[in-house]
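Please find the sequence and the predicted model below.
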Amino acid sequence: MKIVATLFAVFLWLIGVVFFLAAAHPEAVAQGKSVPRIIVGAVLVLGGAFLAYLAWRTPRRSVVGSGEGRQEPPGSLSLKALTCPHCGGQVDPSSAVLNAEGTLSITCGYCQGTFLIQEDPKW
């Protein structure tokens, strides 16, 4: 899909350049058609650039939650065993919920205790 979008973007760029060149033709200048051709050329070139951007941008990764409240990690993550601080049971990391304050909380499936996930400092 990226290749098809890129080829179409290149096609739009080339047609845009043709419109720019046609705007400089003496006949177009004499008939007052230069400005509309420049506008059409600019729209085509910008449309091609936007299409190329959409084709080659990297999709955002989401680790926590789904829909509203999705959050992307700042770097690479490695998950270690997650245990409940109340009962010591294994906790399912997919049960993490992003609170309104921007903190992550997890509820233990065994004791129903809720606790916050805190990120260690990077320094």
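Received it, and whenever you're ready, just let me know what you need. Residues are numbered from 1 along each chain as shown.

In three-state terms, label the residue in the chain sticking out farthest from the centre for me.
In the chain, counting by CA atoms, centre = their mean, residue 30 sits farthest out from the average C-alpha position, at 46.1 Å. Of the three states, residue 30 takes helix under DSSP: H, G, I helix; E, B strand; the rest coil.

Could you measure from the residue lying closest to residue 117 once chain neighbours are set aside over to residue 115?
Distances taken as CB to CB, 6 or more residues apart in numbering put residue 104 closest to residue 117, at 4.1 Å, once the chain neighbours are dropped. Placement of C-beta: from N, CA and C, glycine included. As defined by CB to CB, to the nearest Å, residue 104 lies at a distance of 10 Å from residue 115.

who's more crowded, these two?
residue 104 (17 against 14; other CB atoms under 10 Å).

Strands along the chain, start to end?
With DSSP state E as the criterion, the chain has strands at 97-98, 104-107, 114-117.

Packing partners of the shortest one?
Meaning strand 97-98. strand 104-107 (3 or more CB pairs under 8 Å, 6 or more residues apart in numbering; DSSP states H and E).
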